[in-house]
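Engineer: need coordinates for the below:
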Amino acid sequence: MHVDPALRAFAGDAVQIAAAQVRVVSAKEEWASSDRVAPILADCETLARDGAMDCRSALGALMAGEGAQAFVDGWVCAMTRAWRNAPLAQIPFRHSYSSGSGAMHLHRAGGVTLALLIVEPNAAMPPRTIAFTDCDRWELVIAGNGRGRAYDWSGAGPPEVTNLVLQPGLRLACDRSRSRAIVSLDTPLVILRVSCERPCPRATSEVEIATGRVVHRASACPAEGRAQLSAALLGAMGRADAAPVLADYACGQADGGARWEALRHALALDTAAGFAGLSRLAEDPGDELAPAARALRVSLCTTYPQLANLCEAPCRA
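Structural biologist: Okay, the predicted model is just below:
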C-alpha cells in the first residue's frame, strides 16, 4: 500500500498532529460561538427539551430559509480556512459517506441533530420500498435540482405519492407517517436538515410502495437494538440459563421487535421457559404482541402436542 510521504511524516509527528487539531477545533468553536450561529445552536437545545419547532426562533427562521445560504457558506468558509492551514487534520464533526450520499453533523444537542446532507446524481433513483421512521425531520434544499417524491402512509394500504420538484428553497417535513425519496438529480443536491428524535420511538417500518406491505421492521431505539443483538448472541452461545431472563424481557414494555427476538431465542434455548413466556404474552390482552403470540402458541401445540401439557389452561390447538 502506498502511503504519501507527507502523510507518513505527519503521522509520525505528535506535535504537528496536536497543532493541526487545535487549529480546526478552534475554528469550529469560533464558528459555533459567532453571533449568527450561537442562537441557532441554542435553539437546538430548546428543541431537544420541548420537542416542537418554534417558527419564531432563530432555528425556525433558518429552516424557513432566512439566511440559510449564508449560514452554510459561513460554515464552509470558516472550516476551509482552518483546513487550508492544516489539511491533514481530522474533521471535528461526525460525518459519513456511502454510495453517493453523505452527511455532516454540524451540531448535536440531546436528540436533535443539525446536519448538511449531499446526494450525488448517481445515488438518486426511484425506490421500490420506503422507510417511515418515528422521528421529526425538517429539511431545506440549499443547492441542486431534480425530482423527488413524498410518501404519506396511514399504516394500511399503499402510501400516497406526491411528486416534488427539488430546487433551492424547497422545504420538506417528515415524520413517522411521511417520508421522501430523491428520484433523479440534474446536479448534486445539498440539504440542510434538523432531526428530532422521540423519547420512545416506535419501530421503523420499511414499506413496499406498490402494495403497502411492511417488508422490514427495525427498532429505532439504540438500547433495544443492543437488546436484540444480546439476545442473538446468547442464542448463538447456547446459554440455556439465559432463557428465563429472555422470556421475562419478552413480556416487558420494550419495543415489540426486540421482545419478539428475545422470545424466539428463549424458545430455542429452553423450551419450557420460552413456552411459559409465550403463554404469558398470549394471555396479556393489552400487549400488541398478544395476537401473534396466541397464533404461535396454537401453531406450536398443533405441531408438538406435548407442549399443550405446559399450558396452565388447555390449549385450543
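Engineer: which residues of the stretch 201-317 of the chain fall in helices?
Structural biologist: All helices of the stretch 201-317 of the chain, identified by DSSP state H, counting those that start in this stretch, fall at 222-237, 243-250, 256-269, 271-282, 290-303.
Engineer: let me fix that: the stretch 51-200 of the chain
Structural biologist: Under DSSP H, counting those that start in this stretch, the stretch 51-200 of the chain gives helices at 58-63, 68-85.
Engineer: those: which one's closest to residue 162?
Structural biologist: Residue 162 sits nearest to helix 58-63 of all the helices of the stretch 51-200 of the chain, at 19.9 Å, using C-beta to C-beta. Every residue, glycine included, has its C-beta placed from N, CA and C.
Engineer: same for that closest one, what does it pack against?
Structural biologist: Judged by 3 or more C-beta pairs under 8 Å, 6 or more residues apart in numbering; DSSP states H and E, the packing partners of helix 58-63 are helix 38-50, strand 135-143, strand 189-197.
Engineer: returning to what we had before: ok, which of the helices of the stretch 51-200 of the chain comes nearest residue 13?
Structural biologist: Nearest to residue 13, of the helices of the stretch 51-200 of the chain and by C-beta to C-beta, is helix 68-85 at 15.5 Å.
Engineer: now do the closest one: distance to the chain's middle.
Structural biologist: A distance of 27 Å separates the centroid of the chain from that of helix 68-85, by C-alpha atoms, centre = their mean, to the nearest Å.
Engineer: that one to helix 38-50, inter-axis angle?
Structural biologist: With axes from the mean of the first three to the mean of the last three C-alpha atoms, to 10 degrees applied, the angle from helix 68-85 to helix 38-50 works out at 110 degrees.
Engineer: average pLDDT across helix 68-85?
Structural biologist: Helix 68-85 carries an average pLDDT of 93.
Engineer: and for residue 164, the neighbour number?
Structural biologist: Residue 164 has 18 neighbours, counted by other C-beta atoms under 10 Å.
Engineer: cool, thanks, signing off.
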